[in-house]
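Engineer: What would the 3D arrangement of this be:
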Amino acid sequence: MPELFAADLRLERRRANGVMVNVRYDAAPGATRLPLLLLHGFPQTHAMWHRVAERLRRRFVLVLPDLRGYGDSEKPDGPADHSAYSKRTMALDALELMRGLGFESFFVCGHDRGARVAHRLALDHPHAVRRLMLLDISPTLTMYERTTMEFARLYYHWFFLIQPAPLPERLIGAAPELYLRTKVGGLSSGGAAPFDSQALGEYERCFTAPAIHAMCEDYRAAATIDLEHDRADADKRIQCPTRVLWGERGVVHRLFTPLQDWREKCAGEVTGRPTPTGHYIPEEAPALLADEIEAFFGG
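Structural biologist: Numbering: from 1, shown residues only. Reported below is the predicted structural model:
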């Protein structure tokens, strides 16, 4: 992706938690810059950060992985309990990746599925996460427990993707480009217009049969083993300062109360606000997001 990222951002596959993780990172010395882990969402790859990366690397050492099952990262089949794609497992991927790069503690910003991984990362490894930013989500357990007909209609993919294999995989695989473009266009505030054509091309390149299966497994885990973990940790709270942003033209804003949800259920020190976007804040309002990241994480 030479057109999306600077050539001196290193791209390689590194082993973490038993899988090969595709990661783009800043290998330049970071003595005066703090590490920032950016975690993408569905159905994208680390390419979604392309509009903020160059600005942010002035103040942070960036690490941009593809989550397991996404992009060019490994896509294990996993056992029947979907634990290979639990957020606990994916969070451990991120932790071991950062440790392998020499970072024992770091900042984290996650969007969509990446934000759910970031939530679990902060719960399971509180000493590793200095500050946490979550983009356009309320807690998974909260969203399932408050499911309504309107939510099921607008976020139908939460209930479609969790159906037993291979039904959703085969249906999506019949027209993968149509599904992907319909999904991202349907949740942004401007259809496909906010997306760079080369970024869309990258998402489409990576939207293969193994990836589609892995993404379904990600959602199956969210509806099963992730809920078990969340219920078991009902008394635990995120310990680090947390910032929550969500699109005021999106489903989360329409049907949930993100700031209140995080304060009541999951975290202690939480601030946040809506943004004038739909779901894809990094691509719909990159300058606004970069401002928020710089202000919250410092650097």
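Engineer: What about residue 84, how many residues nearby?
Structural biologist: When counting by other C-beta atoms under 10 Å, one arrives at 21 neighbours for residue 84. Just so you know, the C-beta spots here come from the backbone N, C-alpha and C atoms, and that holds for glycine as well.
Engineer: Verify the contact between it and residue 217 for me.
Structural biologist: Yes. The pair residue 84 / residue 217 is scored as a contact, 6.8 Å apart, by C-beta atoms under 8 Å.
Engineer: between those two, what contacts are shared?
Structural biologist: Common contact partners of residue 84 and residue 217 (C-beta atoms under 8 Å, 6 or more residues apart in numbering): residue 78.
Engineer: so what's residue 294 closest to, chain neighbours aside?
Structural biologist: Spatial nearest neighbour of residue 294, chain neighbours left out: residue 59 (6.2 Å); criterion: C-beta to C-beta, 6 or more residues apart in numbering.
Engineer: is it true that the one you found touches residue 296?
Structural biologist: No. Residue 59 sits out of contact with residue 296 when judged by C-beta under 8 Å, with a separation of 11.8 Å.
Engineer: which stretches of the protein form strands?
Structural biologist: Taking DSSP state E as the criterion, the chain carries its strands at 9-16, 19-26, 34-39, 60-65, 106-111, 129-135, 242-247, 270-275.
Engineer: Any idea which of those strands gets closest to residue 153?
Structural biologist: Proximity to residue 153 (C-beta to C-beta) singles out strand 242-247 among the strands of the chain, at 18.0 Å.
Engineer: how about the closest one: buried residues?
Structural biologist: 242-247 (16 or more other C-beta atoms under 10 Å).
Engineer: Next: stretch 92-102.
Structural biologist: 92-98, 101.
Engineer: List just the nearest of these to residue 165.
Structural biologist: Among the buried residues of stretch 92-102, and counting by C-beta to C-beta, the member closest to residue 165 is residue 93, at 21.9 Å.
Engineer: Surely the closest one is in contact with residue 21?
Structural biologist: Yes. The criterion here is C-beta under 8 Å, and residue 93 meets it with residue 21 at 6.0 Å.
Engineer: Spit out the residues that contact these two alike.
Structural biologist: 65, 68.
Engineer: How about residue 19: what's its closest non-neighbour residue?
Structural biologist: Spatial nearest neighbour of residue 19, excluding adjacent residues (C-beta to C-beta, 6+ apart): residue 74 at 4.2 Å.
Engineer: I'd assumed residue 21 was in contact with that neighbour.
Structural biologist: Yes. Using C-beta under 8 Å, residue 74 is in contact with residue 21, at 7.3 Å.
Engineer: of these two, who's got more company?
Structural biologist: Shown here are residue 74 and residue 21; by other C-beta under 10 Å, residue 21 has more neighbours (23 against 18).
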